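Colleague: Any chance you could fold what I've pasted below:
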Amino acid sequence: MTDRILAGARPRLLLIGANGQVGWELRRTLACLGDVVAASLEGEYGPVIDLLDAGALTRLVRETKPDAIINAAAYTAVDKAETDRETARRINADAVGEMGGLAAELGVPVIHYSTDFVYSGTIGRAYTEDDTPDPINVYGETKLGGERALLESGAKALIFRTSWVYGARGANFLLTMRRLFQERDELRVVDDQIGSPTWSRMLAEITAQVLYRVIRGDLDLDEVGGLYNLTGAGEVSWYGFARAILEASGSASKLLPIPSSEYQAPAKRPMFSVLSNRRFEETFGLATPDWRVSLAQCLEELT
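Modeller: The predicted structure is shown next:
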């Protein structure tokens, strides 16, 4: 705990990437824990932060003097990253390392999000945190670089590896499918890539529960800090995910399953990137709901 919290003041929580899918949800769920400084590139909800500006992060952290840092910012354009490597590396890796160094100086915790794309998807079973990462695209490489930079920074950190994130806003598979169901009579969706859809609100709510215990001093990050998988429970293909969205929407569109070989993209994708949440569940006593449950709850809000 910082001196301010020990003195009874509300914690000051620096949220970076406040206008993204997860960041938008975090801005709400974290509000009950303390005063949220919601920074983003657009400055829509608070300070402007451009992670491509090497000095901007240092200035923001030293001005706000946060009691915790939550980083929901990322370069997530998987295909574009193949030709925009330096930008992806700066945002996903270099800036995360700087964040860790600043947090270590202040003695405050950092929560950061990573991805299933740090794996190649060839192992044939759910990945655990002990499996060796082997990314097959630039996005995965840069996110892995961010993990390592944060863990090596000396900061007290929690890194949550997640996957297939969707929500009620932003650019994501759920919203894209809902739009396409209105525009097209037939859609072809990949059926041989398997993963775990993860609702952005669920991520934000679980983050808030864990951070609350950290701020109270109930969790010692010297003991439980580090890397954890955190996704929706269960597994499904992109086609299966699309089918569930279609059935809930009542659309008359026709879905056709196709192999990845028929969907050409600049960046390779893991074929099986399901992550095991067991370590997270055993450490924090929290279990994520099945992806179908979360999808139904998200769709309730959208409709």
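
Colleague: All the strands of the stretch 1-150 of the chain, in order from the start?
Modeller: Along the stretch 1-150 of the chain, counting by DSSP state E, counting those that start in this stretch, strands occupy 12-16, 35-39, 68-71, 109-115.

Colleague: Make JSON lines out of the ones you listed and add mean pLDDT, distance to P197 and mean neighbour count.
Modeller: The C-beta positions use only the backbone N, C-alpha and C, and glycine is treated the same way. Formatted as JSON lines, the strands of the stretch 1-150 of the chain follow (pLDDT from 0 to 100; distance: least, C-beta to C-beta, whole Å; neighbours: other C-beta atoms under 10 Å):
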{"stretch": "strand 12-16", "mean pLDDT": "98", "distance to P197": "24", "mean neighbour count": "26"}
{"stretch": "strand 35-39", "mean pLDDT": "98", "distance to P197": "26", "mean neighbour count": "22"}
{"stretch": "strand 68-71", "mean pLDDT": "98", "distance to P197": "22", "mean neighbour count": "26"}
{"stretch": "strand 109-115", "mean pLDDT": "98", "distance to P197": "14", "mean neighbour count": "25"}
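
Colleague: Same list (those) but as JSON lines, adding distance to K143.
Modeller: Listed next are the strands of the stretch 1-150 of the chain as JSON lines, based on distance: least, C-beta to C-beta, whole Å:
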{"stretch": "strand 12-16", "distance to K143": "15"}
{"stretch": "strand 35-39", "distance to K143": "20"}
{"stretch": "strand 68-71", "distance to K143": "12"}
{"stretch": "strand 109-115", "distance to K143": "5"}
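
Colleague: Any idea which of these gets closest to F160?
Modeller: strand 109-115 (5.3 Å; C-beta to C-beta).

Colleague: and the angle from the closest one to strand 12-16?
Modeller: Angle of strand 109-115 versus strand 12-16, following axes from the mean of the first three to the mean of the last three C-alpha atoms, to 10 degrees, is 20 degrees.

Colleague: ok now strand 109-115, how far from the chain's centre?
Modeller: Remark: strand 109-115 is offset 8 Å from the chain centroid, using C-alpha atoms, centre = their mean, to the nearest Å.

Colleague: Point out the other helices and strands that that strand packs with.
Modeller: Contacting strand 109-115 under the criterion 3 or more C-beta pairs under 8 Å, 6 or more residues apart in numbering; DSSP states H and E are the following elements: strand 68-71, helix 95-106, helix 138-151, strand 156-162, helix 200-216.

Colleague: Can you list the buried residues in the last one?
Modeller: Okay, so that is helix 200-216. For helix 200-216, the neighbour count (16 or more other C-beta atoms under 10 Å) marks 200-208, 210-212, 214-215 as buried.

Colleague: mind listing the helices for the stretch 201-303 of the chain?
Modeller: 221-224, 238-249, 278-284, 291-302 (DSSP state H, counting those that start in this stretch).

Colleague: Let's have these in CSV, adding mean pLDDT.
Modeller: Shown next, in CSV, are the helices of the stretch 201-303 of the chain (pLDDT from 0 to 100):
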stretch, mean pLDDT
helix 221-224, 96
helix 238-249, 96
helix 278-284, 98
helix 291-302, 95
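
Colleague: T132: which of those is closest?
Modeller: helix 278-284 (15.9 Å).

Colleague: tell me the contacts of V224?
Modeller: By C-beta atoms under 8 Å, 6 or more residues apart in numbering, V224 lies in contact with T283, F284.

Colleague: sorry, that was for E152
Modeller: G97, G100.

Colleague: Relative to Y228, how far out is it?
Modeller: Counting by C-beta to C-beta, to the nearest Å, the separation of E152 from Y228 is 18 Å.

Colleague: quick revisit: let me know which of the helices of the stretch 201-303 of the chain is tucked in deepest.
Modeller: helix 238-249 (a mean of 19; mean count of other C-beta atoms under 10 Å).

Colleague: who does that one touch, helix- and strand-wise?
Modeller: With contacts taken as 3+ C-beta pairs under 8 Å, 6+ apart, helix 238-249 sits against helix 173-183, strand 186-190, strand 254-258, helix 291-302.

Colleague: outside of the next helix or strand after the second one, which residues touch it?
Modeller: Put plainly, it is strand 186-190. On the C-terminal side of strand 186-190, the closest following helix or strand by DSSP states H and E is strand 194-195. Strand 194-195 is contacted from outside by 116, 163-164, 231, 235-238, 270-274, using C-beta under 8 Å, 6+ apart.
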